[in-house]
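[1] Build me a model from this:
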Amino acid sequence: MTPRPVLIRLILPFAVTIGMVVIACGIAVYYVGQRNVRLEQINDLNRLATLVRGQLSADSITPGQRKQIIELANVLDTRITLIDGSGLVLLDTQADPARMENHNGRPEVVAARGNGFGSSVRHSDTINEEAVYVATPLDAANPRGMILRLSYPQRVWAKLDAPLWPILLAATSVALLLMLILGITLRRQWIAPVRSLAATTDRMASGEWDARAELAGADELRFFSHRLNLAAEHAEQQLAHLNHQRADLQALVDSLPDPIFLIDSSGRIALLNLAAAKIVQMPRDQALTKRLVTIVNDEQILELYESVIADVSNGPRHAEIRISRTGQRNVYQAVGVRAQAGGVLLVLRNVTTMATAVQMKTDFVANASHELRTPIAAIKIAFETLRDVHNEDPQQTEKCITIIDGHLKRLEDMLSDLLDLSRVESPDTKPHLAPLRAGEIFSTIRSTMSPLARQKDLSLNFKGDEHFTFPSDKRLLNLVVKNLVENSVKFTPSGGSVTVSIEPQNGDAIVRVSDTGIGIPPQHLDRVFERFYQVDAARSSATGRGTGLGLAIVKHAVHALGGTVDLASEVGKGTAVECRFPAGAEVS
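    This next block holds a predicted model:
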């Protein structure tokens, strides 16, 4: 239901009340005035009665007196009646006395005989209208004698009456006019300014703190509007300060790599950074004000949130959370604490690199221990056998010496590879760039790897312009190509071929080593660059067991040179490793 306007609700009760008061007062004034008029008429009639009484005798009336009284009544516009002691009407200036009844029972006559004076206002049966009567004895000493009665009929006193309805109408009109003036004044001084003030406060409540109230209306409203404007100005400054702080806080949390969630007491997200937005896979602005349970699908995060909510001690809760995104599995050390306002703060620290490093260290220790234990055990056994038979069995002695020599060579290679890997992994390793011709790399590989290739009856081929020059570190690049060619020779059967090519492509230098070897199964391609990783024991036994460090050295050396490495292989057809280096860019 639409509320009535304030002006109507404010003025209407006053208008009705004032109207009722005016009517009541008008009626009261009317009746009081009527009473006063009647009293005045009675007094007038009493004075006239005294005048008429002086013209009459107390016991009889002559024809001359009768005529004189009739003339006097006409002049005074007054009805005069004479009543004898028995109540018979002797004279009436407006009626036939013979047809009039006994008047001793009339109230004014009764009062005159009893008190010497009587008056009444009543309906006259003789003239059939209201009249004012005054009666007095002609002889005050004989109240039972003749009575003189004078009266004003209604047609006479109506001329003296004040008109009631015009007075009431005029009074009501004046009251309404005053109410109209009051309403206009209230509207101008109070109602319109209050409405404007209400509209301004609504704008402020909706967030428009730059709105200002107009200084209008009564002094009190002007004072209140001024104070409201001061409060709005202060709130606007505070809001701007809070917005700056929030922007600074948002920039701060966005600069952090760790996902951060701030959930309010109703379970809705109040703050999150870009790292957290990546976890929920939703734009940050879209995720804000959403309920956490509707946008987070990771059960471990929700369990941590629920545990913080359920913890009455308000202490921090810790958990290890594993999340998979775009095929990559990340490990987070998460902590959840209860906020002062009743919400929850969740911080997820990405420890994937640390966890991977710890795992790699564990694997490295295990693999290195295994790789070192095997040749050492073989050397120990061969040495013990040699000690027992070196004078008795020359053939066995030679065999033991060969075993010891082979495993010592393997240990030497392993230590050399470990040293190379340590160098290329070191953050202090800085490549020494200098112009390098492809022919220099071909020459070095040809001299070092051709004997091994001939030993296995392999064809070692070189492809590319030997005069092609590009900036690189000769030592690191030789290390890359040497390990790739060594792997190809080792895993290519006799009669196969190994090809080394160095060619320019799109401003880069492409170093490619391919072979016609046994290839690598697809399930092992993602791990061949790990330290000590070997595809399987049967493969290594058939081709000669390596250290498992060659491709790890290649990966880190290529990275140190600012390049990338890709490997493609097909079982039974061969393997190709392609390294791309910036030929014209400066390597960092």
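[2] Just give me how far the biggest helix by length in the chain sits from the chain centre.
    Counting residues, the longest helix found in the chain (DSSP state H) is helix 6-53. Its chain's average C-alpha position is 68 Å from that of helix 6-53, according to Cα atoms, centre = their mean, to the nearest Å.
[3] Name the next helix or strand downstream of it, please.
    helix 63-76 (DSSP states H and E).
[4] per-residue confidence averaged over that next one?
    Mean pLDDT, helix 63-76: 82.
[5] Could you list the buried residues of that helix?
    Buried residues in helix 63-76, counted by 16 or more other Cβ atoms under 10 Å: 65, 69, 72-73, 76. From N, CA and C alone the C-beta is placed, and that goes for glycine too.
[6] Over to stretch 229-244?
    Within stretch 229-244, the residues scored as buried using 16+ other Cβ under 10 Å are 229, 232, 236.
[7] which element follows the helix or strand bottoming out on mean pLDDT in the chain toward the C-terminus?
    Ranked by mean pLDDT, DSSP states H and E, the weakest helix or strand in the chain is helix 537-543, scoring a mean of 46. The first helix or strand that comes after helix 537-543 along the chain, using DSSP H and E, is helix 550-560.
[8] What is that following helix packed up against?
    Applying 3 or more Cβ pairs under 8 Å, 6 or more residues apart in numbering; DSSP states H and E, we find helix 550-560 packed against helix 394-425, helix 474-490, strand 564-570, strand 574-582.
[9] which residues does R475 contact?
    Neighbouring residues of R475 by Cβ atoms under 8 Å, 6 or more residues apart in numbering: H432.
[10] distance of it from K430?
    12 Å (Cβ to Cβ, to the nearest Å).
[11] what does V32 give?
    As judged by Cβ to Cβ, V32 and K430 stand 121 Å apart.
[12] on that earlier part again, kindly present the buried residues of stretch 229-244 as JSON lines, with separate columns for secondary structure and pLDDT.
    Below are the buried residues of stretch 229-244 laid out as JSON lines (DSSP: H, G, I helix; E, B strand; the rest coil; pLDDT from 0 to 100):
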{"residue": "N229", "secondary structure": "helix", "pLDDT": "88"}
{"residue": "A232", "secondary structure": "helix", "pLDDT": "86"}
{"residue": "E236", "secondary structure": "helix", "pLDDT": "86"}
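[13] Tell me how many other residues crowd T62.
    When counting by other Cβ atoms under 10 Å, one arrives at 10 neighbours for T62.
[14] so where's the stretch 451-588 of the chain uncertain?
    For the stretch 451-588 of the chain, the stretches with pLDDT under 70 are 531-532, 536-547, 584-588.
[15] please redo it, this time with the cut-off set to 90
    451-452, 473-479, 482-483, 486-487, 490, 506-507, 520, 522-562, 572, 582-588 (pLDDT under 90).
[16] quick one: contacts for Q55?
    Contacts of Q55 (Cβ under 8 Å, 6+ apart): 65, 68-69, 72.
[17] Would you mind putting those into TSV with distance to L48 alongside?
    TSV is the format used below for the contacts of Q55 (distance: Cβ to Cβ, whole Å):
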residue	distance to L48
Q65	16
Q68	14
I69	11
L72	9
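[18] Centroid-wise, who is the farthest residue in the protein?
    For the chain, the residue at maximal distance from the C-alpha centroid (Cα atoms, centre = their mean) is T62, at 112.3 Å.
[19] separation between it and R53?
    According to Cβ to Cβ, T62 stands 15 Å off from R53.
[20] Please apply the same query to G85.
    16 Å.
[21] Same check on E233?
    Distance from E233 to R53, by Cβ to Cβ: 92 Å.
[22] Spell out the secondary structure type for A213.
    Put simply, A213 is coil when judged by DSSP: H, G, I helix; E, B strand; the rest coil.
[23] try T136
    strand.
[24] Provide a list of residues in contact with it.
    46, 49-50, 53, 112, 116-118, 147-148.
[25] most neighbours, which of these?
    I147 (26 neighbours).
[26] Distance-wise, check it relative to A111.
    10 Å.
[27] Can you check which residues contact both of those two?
    A135.
[28] quick one: pLDDT of R4?
    For R4, pLDDT reads 53.
[29] ah, wrong one, I meant A58
    pLDDT, A58: 60.
[30] Ok, L288 next?
    Reported pLDDT for L288: 88.
[31] Let me know how buried it is, in neighbour terms.
    A total of 14 residues lie near L288 under the criterion other Cβ under 10 Å.
[32] Q34 too?
    16.
[33] same thing with the one 10 residues further on?
    D44 has 17 neighbours, counted by other Cβ under 10 Å.
[34] How much space separates it from E129?
    19 Å.
[35] do A583 as well
    Distance from A583 to E129, counting by Cβ to Cβ: 137 Å.
[36] more crowded one of these two?
    Using other Cβ under 10 Å as the criterion, A583 and E129 rank with A583 on top: 17 against 12.
[37] if we can go back for a sec, just curious, which of the buried residues of helix 63-76 is nearest to D125?
    When the buried residues of helix 63-76 are ranked by distance to D125 (Cβ to Cβ), A73 comes first, at 19.5 Å.
[38] hang on, that closest one packs against L91?
    No. Using Cβ atoms under 8 Å, A73 is not in contact with L91; the gap is 9.6 Å.
[39] Between those two, which contacts overlap?
    I80.
[40] residues near P283, how many?
    10.
[41] residues in contact with stretch 316-335?
    Counting by Cβ under 8 Å, 6+ apart, 259, 278-279, 281, 298, 300-301, 303-304, 307-308, 311, 336-337, 346-352, 355 sit against stretch 316-335.
[42] Mind checking which of those land in helices?
    Filtering those for helices - DSSP H - leaves 278-279, 300-301, 303-304, 307-308, 352, 355.
[43] would TSV of the residues you listed with distance to R203, pLDDT and neighbour count be doable?
    Output for the ones in helices among the contacts of stretch 316-335, formatted as TSV (distance: Cβ to Cβ, whole Å; pLDDT from 0 to 100; neighbours: other Cβ atoms under 10 Å):
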residue	distance to R203	pLDDT	neighbour count
K278	39	85	13
I279	39	85	22
Q300	46	88	16
I301	40	88	24
E303	45	89	14
L304	42	89	21
S307	44	89	14
V308	39	88	23
T352	50	75	14
A355	54	64	17
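[44] Just give me the closest of these to A434.
    Distances from A434 to the ones in helices among the contacts of stretch 316-335, taken by Cβ to Cβ, are shortest for T352, at 37.5 Å.
[45] any idea how far that closest one is from G87?
    Using Cβ to Cβ, T352 is found at 134 Å from G87.
[46] repeat for Y133
    Counting by Cβ to Cβ - Y133 and G87 are separated by 15 Å.
[47] Which of these two has more residues huddled nearby?
    Shown here are Y133 and G87; by other Cβ under 10 Å, Y133 has more neighbours (24 against 15).
[48] Just confirm the more buried one is within a strand.
    Yes. Counting by three-state DSSP, Y133 falls inside a strand.
[49] so what's it bridging to?
    S120, S151 (DSSP bridges).
[50] Give the next helix or strand downstream of the host helix or strand of L252.
    In the assignment (DSSP H and E), L252 maps to helix 219-255. The helix or strand immediately downstream of helix 219-255 is strand 260-263, counting by DSSP H and E.
[51] For that next one, C-alpha coordinates in CSV please.
    Extracted C-alpha coordinates of strand 260-263, given in CSV (Å, rounded to 0.1, in the frame of the first residue of the first chain):
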residue,chain,number,x,y,z
ILE,A,260,45.8,-16.9,-0.7
PHE,A,261,42.1,-17.2,0.1
LEU,A,262,40.3,-15.0,2.5
ILE,A,263,36.7,-16.3,3.2
